[in-house]
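Undergrad: Quick one, fold the following:
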Amino acid sequence: MQQLYLCRHGETEWTLTGQHTGKTDLELTKKGESQGALLRKRLEEVTFEKVFTSPLKRAVQTCGRKDAIIEPLAVEYDYGDYEGLTTEEIHQKNSSWNLLEDGAPNGESPEQAGKRADQLLEKLTQYGGKIALFSHGHFLRILAARYLGLKPASGKLFQLNVASLSILGYEKQQPSIVLWNEIEHLRIKP
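TA: The predicted structure is shown next:
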């Protein structure tokens, strides 16, 4: 049965400041580069049928594989007018705002991002083995929700740290979470 290895990109300047980063094509920080290397090391012993990455630099750099297939459907949520703003700044304009319930003005709605996740999941069904996908926090949360048959807004229930590893698979023919938000590989060993 297929397993999807979801890999969130490493640290960027905007993950440090809490700014919503959709289409802005930021590179990793030095720490983000190290996190990417540690995530790749964690995955060394896994044989993947295919490896996909968002076309954005932060995902491509975290992936670090020349054989990775660039997948435009795996880009981050389009934050529209909220691109580059922090949640605190957005709450000054709209105190009840929640991205995965409300969407972003002049950006994507949760339903649009969910449809994109559905399209990507459908595309990945042609593979039966282990698939790696290097992508972004909010999009991967929506993708996981859709994989499990939940509404896109349910992605708000799934926290994802930078350079984390999550695995989606099956339990008795039912889509399930095998591993979620693992960051143990990022801890410095004594």
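Undergrad: As a check, name the ranges of all helices in this protein.
TA: Along the chain, counting by DSSP state H, helices occupy 13-17, 30-42, 57-63, 87-93, 99-102, 110-124, 137-147.
Undergrad: The third one - contacts with which helices or strands?
TA: For helix 57-63, the elements it packs on are strand 3-8, helix 30-42, strand 50-53, strand 130-135, judged by 3 or more Cβ pairs under 8 Å, 6 or more residues apart in numbering; DSSP states H and E. Quick note: C-beta positions are derived from backbone N, CA and C, even for glycine.
Undergrad: Count the residues that sit near Ile69.
TA: By the criterion of other Cβ atoms under 10 Å, Ile69 has 11 neighbours.
Undergrad: Could you give me the buried positions within the longest strand along the chain?
TA: The residue-count maximum for a strand in the chain (DSSP state E) belongs to strand 174-182. The neighbour-count check on strand 174-182 (16 or more other Cβ atoms under 10 Å) flags Pro175 as buried.
Undergrad: And stretch 41-50, by the same measure?
TA: For stretch 41-50, the neighbour count (16+ other Cβ under 10 Å) marks 42-43, 48, 50 as buried.
Undergrad: returning to what we had before: I'd like the average pLDDT over the longest strand of the chain.
TA: Across strand 174-182, pLDDT averages out at 96.
Undergrad: got it, and stretch 2-15?
TA: pLDDT averaged over stretch 2-15 gives 97.
Undergrad: just stretch 140-154 next, same as before
TA: Confidence for stretch 140-154, expressed as mean pLDDT, is 97.
Undergrad: end-to-end on that stretch?
TA: End-to-end distance for stretch 140-154, by Cα to Cα, to the nearest Å: 12 Å.
Undergrad: List of residues touching it?
TA: For stretch 140-154, contacts defined as Cβ atoms under 8 Å, 6 or more residues apart in numbering pick out 4, 6, 8, 77, 100-101, 110-111, 113-114, 117-118, 120-121, 133, 135, 155-158, 160, 166, 168, 175-177.
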